[in-house]
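1. Sequence plus the predicted model coming up.
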Amino acid sequence: MKPKGVILYLSRSTAGDLTNLKRSLKLLDRHFNRRFGYPVLVFHEDFTEELMARIRSWTRAPVEFPQVSFQLPAHIDAAQVPPRFLGCFGIGYRHMCRFFAGPIYRHPALQQYDWYWRLDTDSFVLQRIDYDVFAAMEDGGFDYGYLALQKEFPEVVAGLWDAALDYARSHGLPRERLAPLCDAAGSWNLDYYYNNFEICRLSFGRSAAYQDFFEHLDRTGGIYYRRWGDAPIRTLAVMLLVPPERRRHFADLGYAHAGYYSNRPVELRERLRLRAQALLSPKKIATTEIK
């Protein structure tokens, strides 16, 4: 039986986001979804019916558009929230981080599904995927699938490691589970799962353990006061709650996002970079400009 999977995005109605979304959907169709036919959800705040119809014309997949409304949680002191953290991360960005860190799993639009594959609007699948990624997760007994580890900037995760350790201590979780993220001194090496590509079993995100961990971090206000991102939050949760044998590394996929080209050898990354330039050229993807 085909897994109950869905591919999801969160998009603004800006020209930049929409141009990228169009490219992402077309490449997803070309390299994966025209063979496997999974539905797509595009979460948004303000799409019009006209725009939704236009987006549906960009892909063969069935597309739905759950609407979200972002606001500061009641426990956050708005006076303490910097309008732009470090001068570049606006409140809207931090709304996005919180949404993907916790509330996404309880959203009604996902209730009929067992799996999600999250992509950003500027996530691009560059090579053919010959297998069903959801079936690979389900048949292999995995809970979390990732493509790469990256290094986070220390300024945007100040206090997050300590908050996670506090949770682990208070819930009897061995600190050793976080050992893969530790440097020689036992501190966080700042590794995190690059979650603009992630495949997750929704029962994990809906579980009491995950939601309790998220709420523990959320109550500190670190997402809004310090810009803790959903990627490092998810990474710490996976390390604490998901056994290593239930995590899958998708090392075989050609993928690009924000200047990153898969986790391949240097010579192959360069070939992927050149391939991305060709695939993402406006001449290669018809009428990429948003009218």
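-> Nice, I can see it. Remember, predicted model here, so these are calculated numbers, not experimental data.

2. going forward, measure contacts between C-alpha atoms and count neighbours the same way
-> Will do.

3. Helices of this structure, start to end?
-> Across the chain, reading from the start of the chain, the helices by DSSP state H fall at 15-28, 34-36, 49-56, 91-101, 133-139, 160-170, 202-206, 208-220, 222-225, 230-241, 266-279.

4. closest to Tyr113 out of the ones you listed?
-> Among the helices of the chain, helix 202-206 comes nearest to Tyr113, with 7.5 Å by Cα to Cα.

5. And the average pLDDT for that closest one is what?
-> Averaging pLDDT along helix 202-206 yields 98.

6. Only alpha carbons, please: show stretch 213-227 as PDB.
-> Taking C-alpha atoms only, stretch 213-227 is exported to PDB below (Å, rounded to 0.1, in the frame of the first residue of the first chain):
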ATOM      1  CA  PHE A 213      10.200  19.000  24.400                       C
ATOM      2  CA  PHE A 214       9.000  21.700  22.000                       C
ATOM      3  CA  GLU A 215       6.900  23.400  24.700                       C
ATOM      4  CA  HIS A 216       9.800  23.300  27.100                       C
ATOM      5  CA  LEU A 217      11.900  25.300  24.600                       C
ATOM      6  CA  ASP A 218       9.000  27.500  23.500                       C
ATOM      7  CA  ARG A 219       8.200  28.600  27.000                       C
ATOM      8  CA  THR A 220      11.700  30.100  27.300                       C
ATOM      9  CA  GLY A 221      10.900  32.600  24.500                       C
ATOM     10  CA  GLY A 222      14.200  31.700  22.800                       C
ATOM     11  CA  ILE A 223      12.600  31.500  19.300                       C
ATOM     12  CA  TYR A 224      11.500  35.100  19.400                       C
ATOM     13  CA  TYR A 225      14.000  36.700  21.800                       C
ATOM     14  CA  ARG A 226      17.100  35.000  20.300                       C
ATOM     15  CA  ARG A 227      16.000  33.500  17.000                       C
END
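
7. Stretch 120-138 spans what distance, first to last residue?
-> For stretch 120-138, the separation between the terminal residues is 23 Å (Cα to Cα, to the nearest Å).

8. Contact partners for Phe85?
-> Neighbouring residues of Phe85 by Cα atoms under 8 Å, 6 or more residues apart in numbering: 225-227.

9. Now distance to Asp77 and mean neighbour count too, for the helices of the chain, in CSV please.
-> Below are the helices of the chain laid out as CSV (distance: least, Cα to Cα, whole Å; neighbours: other Cα atoms under 10 Å):
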stretch, distance to Asp77, mean neighbour count
helix 15-28, 30, 21
helix 34-36, 46, 14
helix 49-56, 35, 13
helix 91-101, 13, 20
helix 133-139, 40, 17
helix 160-170, 19, 16
helix 202-206, 27, 19
helix 208-220, 11, 17
helix 222-225, 9, 24
helix 230-241, 20, 21
helix 266-279, 43, 15
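
10. okay if I get those helices as CSV plus distance to Gln127?
-> CSV is the format used below for these (distance: least, Cα to Cα, whole Å):
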stretch, distance to Gln127
helix 15-28, 9
helix 34-36, 13
helix 49-56, 22
helix 91-101, 26
helix 133-139, 14
helix 160-170, 36
helix 202-206, 26
helix 208-220, 33
helix 222-225, 35
helix 230-241, 24
helix 266-279, 9
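
11. Any idea which of those gets closest to Gln112?
-> Using Cα to Cα, the nearest of the helices of the chain to Gln112 is helix 202-206, at 10.2 Å.

12. Now the weakest link among the helices of the chain, please, by mean pLDDT.
-> Summarising mean pLDDT across those, the least confident stretch is helix 266-279, with a mean of 54.

13. right, and Ile7 touches Phe36 too?
-> No: with contacts defined as Cα atoms under 8 Å, Ile7 does not count as touching Phe36, sitting 11.5 Å away.
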